[in-house]
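Visitor: Pasting the sequence and the predicted coordinates here, then a few questions.
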Amino acid sequence: MNRMLKLLPVVLISIFTVGCSHNYYNVPKDVYESKVRVLGVAPLLVDADSEIRYPDKDALIGLVRDANRRNEKELVALLKDTGAYFSVLHLPDDPDQLAGKLVYRRERRDDAGVVYNKYFFKVQELRDYITRNGVDAVMFVVVSGITKKDSIRSSNLLSYLDSSYDYLIMTAQILDADGTVLWEYPNFRQRLLSFPPLLPLQYPAFDEAEANASEKVEVKFKTMAGIGRALDKTRTSSLSSKAQVSVLYADQFEKMVSLLTPDSNLFGNGNSEGKKPAAPQPELQPIRKQSAPAASAPPAAAAQPVAETPAPAPVQPAAEPVIAAPAPLVVESASPAAAPVKPIAPAVPHSDR
């Protein structure tokens, strides 16, 4: 048991080290960093042909397109702040036209219990798009609908309902000119896999069932007004303290960017601002040796009546060496900072992982 307790710190340090150096890319990390120096971010796309069963689908699609347009620059700002790229460019194309030209297939995936839509791009059109914009790779983010089994609890956590629910989700990929998927979200290289939806479109009406003394709980769609309020809930943007960004979008973007942030700023200043190495201070001359005369007190000890009175006198100078002793600890050197989509005939060559 004692041996296990001794090994526990080593195990914890090992786990922490592995977590810090984890590679979230589909290629070796150093390959990605050397390959992608200029990243293009395409406008956020909407897959109107995905599983969106909302009664007023057209109005919902319009609402999402508007939210995409208002919030997409936040993603660009967050990517720039990582310091992982020489430049991050927002590519101002028409999202619907871009989807029609580049995307040719959607595939519903269920990987490790994570249900999402994966998109495949036309290789030649993708290469032309990347070359025309002068970037090394492009990040595509798609908002789509998905229906999946889920278990949702009531507000008091005493009841739950297993059923099929409709969600809006946000997926992303970074591709190079050859159609290789360099990085994707949801990211299955995480130790703890998670893929929160952008917005649930339905909810179980527990309160209504209780009010009607009914054991049947219905699954209902949220109103357009409710969805609009959810998308319009904002917080301060990374672009400017005066700008606002949707909380729902910011949460998704931050989740993605956390998996694209390097251990160090690759293109920024390697030294952190503020902390500078402390100038080395000369060591103080050891004063303890001067306290040696205090050892000459023994002659005074011969006179027993007088020895009690002069004893405090040597103690008084000895107090200064005790204060000066920690002085070497002041010599510190601050460690340097570490440095929709509309299906098109799949006859065209494509990328798949």
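Guide: It's in.

Visitor: Distance-wise, check residue 124 relative to residue 48.
Guide: Distance from residue 124 to residue 48, counting by C-beta to C-beta, to the nearest Å: 25 Å. No exception for glycine: its C-beta is placed from N, CA and C like everyone else's.

Visitor: of those two, who's got more company?
Guide: Neighbour tally, residue 124 and residue 48, criterion other C-beta atoms under 10 Å: the higher count belongs to residue 48, 21 against 13.

Visitor: Just say helix, strand or coil for the more buried one.
Guide: Put simply, residue 48 is coil when judged by DSSP: H, G, I helix; E, B strand; the rest coil.

Visitor: again, but for residue 53
Guide: With three-state DSSP as the basis, residue 53 sits in coil.

Visitor: mind listing what it touches?
Guide: Shown in contact with residue 53 (C-beta atoms under 8 Å, 6 or more residues apart in numbering): 145, 147, 166.

Visitor: ranking the residues you listed by neighbours, who comes first?
Guide: residue 145 leads the contacts of residue 53 on contacts (other C-beta under 10 Å) with 26 neighbours.

Visitor: That one looks like it's in a helix, true?
Guide: No - applying three-state DSSP, one finds residue 145 to be strand, outside a helix.

Visitor: residue contacts, it?
Guide: By C-beta under 8 Å, 6+ apart, the residues touching residue 145 are 47, 50, 51, 52, 53, 54, 166, 167, 168, 169, 201.

Visitor: Which residue, other than its chain neighbours, is closest to it?
Guide: Distances taken as C-beta to C-beta, 6 or more residues apart in numbering put residue 52 closest to residue 145, at 3.4 Å, once the chain neighbours are dropped.

Visitor: My guess is that neighbour contacts residue 60. True?
Guide: Yes - using C-beta atoms under 8 Å, residue 52 is in contact with residue 60, at 6.7 Å.

Visitor: Which residues are in contact with each of the two?
Guide: Counting by C-beta under 8 Å, 6+ apart, the shared contacts of residue 52 and residue 60 are residue 201.

Visitor: Tell me how far residue 145 lies from residue 46.
Guide: Remark: distance between residue 145 and residue 46 (C-beta to C-beta) = 10 Å.

Visitor: what's the answer for residue 211, then?
Guide: 36 Å.

Visitor: Pick out whichever of these two has more residues nearby.
Guide: Between residue 211 and residue 46, counted using other C-beta under 10 Å, the more crowded position is residue 46 (25 against 9).
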